[in-house]
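Visitor: Just need the structure, nothing else, for what follows:
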Amino acid sequence: MRLRTLPVSVAGVIMAMGLGVMDGNFSPVPALLCLVFAVLAQIASNFANEYYDFRAGFDRKGREGPRRGVTEGDITPGAMKRATYFTLLLACVVGCSLIWYGGWWLVAVGAFIALGVLAYSAGPYPLSRHALGEVAVIFFFGIIPVNFTYYLQALDWNPHVLLASLSAGLMGANVLIVNNYRDCDDDRAVGKVTLAVKFGRGTVSRLYLVNGYAAVMLMIPVWMQLSTWASLVPVVYLYLHSALWWKIVSRRGAALNPMLGMTSLVMLFYCLSFAITAFFLTFA
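Guide: Residues are numbered from 1 along each chain as shown. Model (predicted):
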């Protein structure tokens, strides 16, 4: 399930909850359903990645990253495949409950997300193997969850939601950048093309740093709607982000594993702090 990265799917939905509170449109039931759907979809994607990367020969025993159950023989390929599609089915069931709040057109959105869960690692052009993983994360962990969670609360939309969704997407992409930065040599050896393989560790490490600052800049118009002191949250985030970047560029191999969880937790801190700030200023 890769628990250390699950905060990425949680953070985007929480960001949308905060936007709903700020605009007076917060609706807890559809928001919580979106949260469950997002977590299940990420778990299904993680399962699919483990199964299909094993089948394609991209995971090797003794890799630098966290232990892969199928590759190491802890889980049979068949069991992982069944887990993938069962978890995806659960996500679809939860997603169908959102039709009550947003209408039947959401079926197409859900089908697109389900396709994305699999297309990241499988199909004729797996995104994760063609240097498109970070783009997929921006889309599926930023743009989609933030915009649609907000819409299902408000049945409306505004440009600030798009800015917030791009911000969340860039922060989420940083988690994958750490993963691919760590696995660069392993991925190159098996022919898996990631941004790190294509452009080198130096480039993607700088991209990690830029993404965090760009994420904060995108949110400036949103933070300005709250209060001056609320800007302390982005300042703290940037300090933590910069400190993590320094640790990342000074480490290699398995020493980078904790940086995955820390990057996702810093993202969750930012989004949760935004939601709490919006709630406090709205109802205080």
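Visitor: where in this structure is pLDDT low?
Guide: Counting by pLDDT under 70, the ranges of the chain that qualify are 62-65, 284.
Visitor: hang on, Gln225 packs against Leu163?
Guide: No - between Gln225 and Leu163 there is no contact, the gap being 11.2 Å when judged by CB atoms under 8 Å. (Each C-beta comes from the backbone N, C-alpha and C, glycine too.)
Visitor: Do a quick rundown of the helices in the stretch 1-150 of the chain.
Guide: For the stretch 1-150 of the chain, applying DSSP state H, counting those that start in this stretch gives helices covering 7-22, 28-56, 69-72, 77-97, 99-102, 106-119, 133-138, 144-154.
Visitor: Redo the ones you listed as TSV? Include distance to Met259 and mean neighbour count.
Guide: Shown next, in TSV, are those (distance: least, CB to CB, whole Å; neighbours: other CB atoms under 10 Å):
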stretch	distance to Met259	mean neighbour count
helix 7-22	14	26
helix 28-56	18	21
helix 69-72	22	18
helix 77-97	26	17
helix 99-102	37	14
helix 106-119	25	16
helix 133-138	16	21
helix 144-154	23	25
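Visitor: ok so, going back, and Gln225 and Leu163? Which one has more around it.
Guide: Each of Gln225 and Leu163 had its neighbours counted (other CB atoms under 10 Å), and the higher figure belongs to Leu163 (19 against 13).
Visitor: now that one: how far from Pro124?
Guide: Leu163 sits 34 Å away from Pro124 when distances are taken as CB to CB, to the nearest Å.
Visitor: got it, and Asn147?
Guide: Relative to Pro124, Asn147 is positioned 28 Å away (criterion: CB to CB).
Visitor: circling back to that earlier point, nearest to Met219, out of the helices of the stretch 1-150 of the chain?
Guide: Comparing the helices of the stretch 1-150 of the chain by their distance to Met219 (CB to CB), the top pick is helix 7-22, with 9.3 Å.
Visitor: tally of neighbours for Tyr239?
Guide: 11.
Visitor: tell me which element it falls in.
Guide: Mapping Tyr239 onto the secondary structure by DSSP states H and E places it in helix 232-249.
Visitor: got the CA positions of that helix in PDB?
Guide: Included here for helix 232-249 are C-alpha records, laid out as PDB according to Å, rounded to 0.1, in the frame of the first residue of the first chain:
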ATOM      1  CA  LEU A 232       3.100  32.100   8.200                       C
ATOM      2  CA  VAL A 233       2.000  28.700   6.900                       C
ATOM      3  CA  PRO A 234       3.700  29.000   3.400                       C
ATOM      4  CA  VAL A 235       6.800  30.400   5.200                       C
ATOM      5  CA  VAL A 236       7.000  27.300   7.400                       C
ATOM      6  CA  TYR A 237       6.400  25.100   4.400                       C
ATOM      7  CA  LEU A 238       9.200  26.600   2.400                       C
ATOM      8  CA  TYR A 239      11.600  26.200   5.300                       C
ATOM      9  CA  LEU A 240      10.700  22.500   5.700                       C
ATOM     10  CA  HIS A 241      10.800  22.100   1.900                       C
ATOM     11  CA  SER A 242      14.200  23.700   1.500                       C
ATOM     12  CA  ALA A 243      15.600  21.600   4.400                       C
ATOM     13  CA  LEU A 244      14.300  18.400   2.800                       C
ATOM     14  CA  TRP A 245      15.800  19.400  -0.500                       C
ATOM     15  CA  TRP A 246      19.200  19.800   1.100                       C
ATOM     16  CA  LYS A 247      19.000  16.400   2.700                       C
ATOM     17  CA  ILE A 248      17.900  14.800  -0.600                       C
ATOM     18  CA  VAL A 249      20.800  16.200  -2.600                       C
END
